[in-house]
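Student: sequence plus predicted model, see below.
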There are 2 protein chains.
Amino acid sequence: MSRTPITLGAIFACALGLGNAKAEIFANGRWIDLSHAFSAETIYWPTAEPFKRETVFAGTTQAGYYYSAYNFSAAEHGGTHIDAPVHFAEGQRSVDEIPVGQLIGPAAVIDVAQAGAADRDYQVTADDFKAWEAEHGRLPDGAIVLLNTGSAKCWPNREAYMGTAQRGEEAVAKLHFPGLYPEAARWLVHARAIGAIGLDTPSIDYGQSKRFESHRILFKAGVPAFENVTNLNALPATGATAIALPMKIEGGSGGPLRIVAFVPAS
Amino acid sequence: MSRTPITLGAIFACALGLGNAKAEIFANGRWIDLSHAFSAETIYWPTAEPFKRETVFAGTTQAGYYYSAYNFSAAEHGGTHIDAPVHFAEGQRSVDEIPVGQLIGPAAVIDVAQAGAADRDYQVTADDFKAWEAEHGRLPDGAIVLLNTGSAKCWPNREAYMGTAQRGEEAVAKLHFPGLYPEAARWLVHARAIGAIGLDTPSIDYGQSKRFESHRILFKAGVPAFENVTNLNALPATGATAIALPMKIEGGSGGPLRIVAFVPAS
């Protein structure tokens, strides 16, 4: 046998990329946490139950060792979280039913921070995606599309982030933050085959939305949305891999999401 | 330049493994969900607050579209969850502080299901790890060590899974399920450099433990534990990659964990 060891070694390492060799691949780059922590400051929809954590025990036990444990409660939709398709589409998947592989894939980061700063009612258009594609190529099948509206820098200032610090039903009309234009949602689900979409605002529809059409278009097509994502500035437009794993709430319409990205060393 | 295109192509694909090329790698294998769903059946420690989910709204809104949303509450430690080092080690990391890269790595699956079935008080020993290493090689640095005690098949039958279906303080003495022997925990933290350890029982210390020594040894060394993991039968002993992302509770001693593994096609 006269195989070329280096060539075969490299191919073999690639084929095993996520086994032993993968440890090396993951070592050669950095992890970016795209998730806000859950605390009393975590931003929720004005009408939603906020996150609460209460102490069960924290200190030295009678047996002489340290121990700490807490209980927590919240609405599903707040902080960095996922909207499962059933949130706005009857009969579609609940959060526990979304295939894991759909939530892991190449990150396509669309930078609309300038537009989002100039107009807090900005809605990302299909033209924004087409401009991105002109530079970076077609949105890959299974892409995790991440909209960087520049809003994360306002977190956790509710007024700056979402237009109002008020709570309750009457605050909803005062919400202002960027989102995804329904026509762009329609283009994504009909012309492309993405896995999921996320952004750095409280909702995939913009703050002034009354009928939540982008939610309904995406979810009817089985495409989940990630909301209140952060640190998108740390990602390249292409080349990173996003991994988004939600709390597995049986029958849940969404829930807390831990989303991270691996950026390979360039 | 007279480079060999195939060789360089393979090396290049590997270097970019988690960028564009990675999509192909992930396509060539399968995802295994190692997490139980959270529901009213989810198993918690006899003294802990169970998981509850309550409906905020589920049905057709006045505006004519479908909408569903829920609130939830629970103890941090129940169902498939992570113990952060601060759970049993003062000054060690809370769940939000654990570096993401520590929770992602090569899965080393130790099959002790036969011992766990024969003796529900079985504790995994350093010899179990040494026997595994004799067959599969040294536990890799950063490994996610997963102990398959065969207990997951009993879920969600509390009595079969953990020895008692009773709740409250008086039930604790009746707990019986396998765990990690303290001497083995000591060997792992001193002789190896793993990232984290998990198993398919309610606790990394066995059910009859009174002083939770394995918790304390691991956590003092900064090694988190995953508890109530499932589907370990679906993993090979080596070659899979585990990805474990907890809910990012600020200052939390642990919390719900979504843990999955990628098994490359053989």
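Tutor: Received the coordinates, thanks. Numbering: from 1, shown residues only, chains lettered A, B, ... in the order given.
Student: center of chain A - which residue?
Tutor: A:F226 (3.5 Å; Cα atoms, centre = their mean).
Student: now do the same contact list for the nearest residue to it once chain neighbours are set aside.
Tutor: Of all residues beyond its chain neighbours, the one nearest A:F226 is A:G198 (3.0 Å), with distances taken as Cβ to Cβ, 6 or more residues apart in numbering or on different chains. In this view, the C-beta of every residue, glycine as well, is placed from N, C-alpha and C. By Cβ atoms under 8 Å, 6 or more residues apart in numbering or on different chains, the residues touching A:G198 are A:L34, A:I144, A:V145, A:L146, A:L147, A:A225, A:F226, A:E227, A:V229, A:A242, A:A244, A:I259.
Student: again, but for A:F219
Tutor: The contact partners of A:F219, taken as Cβ under 8 Å, 6+ apart, are A:D83, A:A84, A:P85, A:V86, A:H87, A:F88, A:A89, A:Q92, A:A225.
Student: tell me the one of the residues you listed nearest B:E76?
Tutor: Nearest to B:E76 among the contacts of A:F219 is A:A84, at 22.7 Å by Cβ to Cβ.
Student: isn't that closest one right up against A:G252?
Tutor: Yes - using Cβ atoms under 8 Å, A:A84 is in contact with A:G252, at 6.5 Å.
Student: what touches both of the two?
Tutor: Common neighbours of A:A84 and A:G252 (criterion: Cβ under 8 Å, 6+ apart): A:S94, A:V95.
Student: okay, strands next: where are they in the stretch 101-250 of chain A?
Tutor: A:104-111, A:123-124, A:144-148, A:179-180, A:196-199, A:225-227, A:241-246 (DSSP state E, counting those that start in this stretch).
Student: format those strands as CSV; extra columns: mean pLDDT.
Tutor: Formatted as CSV, the strands of the stretch 101-250 of chain A follow (pLDDT from 0 to 100):
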stretch, mean pLDDT
strand A:104-111, 97
strand A:123-124, 98
strand A:144-148, 99
strand A:179-180, 99
strand A:196-199, 99
strand A:225-227, 99
strand A:241-246, 98
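Student: of those strands, flag the one that's most buried.
Tutor: Greatest average neighbour count among those goes to strand A:179-180 (a mean of 30), per mean count of other Cβ atoms under 10 Å in any protein chain shown.
Student: partners of it, with directions?
Tutor: strand A:123-124 (parallel) (DSSP bridges).
Student: quick one: the partner strand to chain centroid distance?
Tutor: Centroid separation between strand A:123-124 and its chain, computed with Cα atoms, centre = their mean, to the nearest Å, is 17 Å.
Student: from B:E133, how far off is A:T241?
Tutor: 30 Å (Cβ to Cβ, to the nearest Å).
Student: again, but for A:P224
Tutor: 41 Å.
Student: these two: who's more crowded?
Tutor: In this view A:P224 and B:E133 are compared by other Cβ atoms under 10 Å in any protein chain shown, and A:P224 has more residues nearby, 27 against 14.
Student: contact partners for that one?
Tutor: By Cβ under 8 Å, 6+ apart, A:P224 lies in contact with A:I82, A:D83, A:A84, A:P85, A:R93, A:I98, A:Q102, A:L103, A:A196, A:I197, A:L218.
Student: A:A160 too?
Tutor: Neighbouring residues of A:A160 by Cβ under 8 Å, 6+ apart: A:C154.
Student: quick check, pLDDT for it.
Tutor: Per-residue confidence at A:A160 stands at 98 (pLDDT).
Student: show me where the stretch 151-266 of chain A has helices.
Tutor: For the stretch 151-266 of chain A, helices defined by DSSP state H, counting those that start in this stretch occupy the ranges A:158-162, A:182-191, A:213-220.
Student: quick one: the last one to helix A:182-191, angle?
Tutor: Orientation check (axes from the mean of the first three to the mean of the last three Cα atoms, to 10 degrees): helix A:213-220 against helix A:182-191 gives 20 degrees.
Student: buried set for helix A:213-220?
Tutor: Neighbour counts over helix A:213-220 (16 or more other Cβ atoms under 10 Å in any protein chain shown) mark A:E213, A:S214, A:H215, A:R216, A:I217, A:L218, A:F219, A:K220 as buried.
Student: one step back: so how far is A:Q114 from the residue nearest to the centre of chain A?
Tutor: In this view, A:F226 and A:Q114 are 22 Å apart by Cβ to Cβ.
Student: could you dump stretch A:46-54 to CSV, C-alpha only?
Tutor: Extracted in CSV, the C-alpha atoms of stretch A:46-54 (Å, rounded to 0.1, in the frame of the first residue of the first chain):
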residue,chain,number,x,y,z
PRO,A,46,-44.4,44.7,29.4
THR,A,47,-47.2,42.3,30.2
ALA,A,48,-45.1,39.2,31.0
GLU,A,49,-44.1,37.7,34.3
PRO,A,50,-40.4,38.6,34.9
PHE,A,51,-37.6,36.3,36.0
LYS,A,52,-37.4,35.6,39.8
ARG,A,53,-34.9,33.6,41.7
GLU,A,54,-35.3,32.8,45.4
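Student: how far off centre is that stretch?
Tutor: Mean-position distance between stretch A:46-54 and its chain equals 20 Å (Cα atoms, centre = their mean).
Student: how about stretch A:138-151?
Tutor: Its chain's C-alpha centre and that of stretch A:138-151 lie 10 Å apart, by Cα atoms, centre = their mean.
Student: next one: stretch A:251-265
Tutor: That offset, for stretch A:251-265, works out to 6 Å (Cα atoms, centre = their mean).
Student: ok, now stretch A:149-156?
Tutor: Using Cα atoms, centre = their mean, the mean C-alpha position of stretch A:149-156 is found 14 Å from that of the whole chain.
Student: about what we covered before: what bridges to the residue nearest to the centre of chain A?
Tutor: Taking DSSP bridges as the rule, A:F226 bridges to A:I82, A:G198.
Student: which residues of the stretch 101-250 of chain A lie near chain B?
Tutor: Residues of the stretch 101-250 of chain A found near chain B (Cβ under 8 Å from any Cβ of the partner chain) are A:101, A:104-106, A:140, A:142, A:210-212, A:216, A:238-241, A:243, A:245-250.
Student: and for A:G91, the neighbour number?
Tutor: By other Cβ under 10 Å, 8 other residues sit near A:G91.
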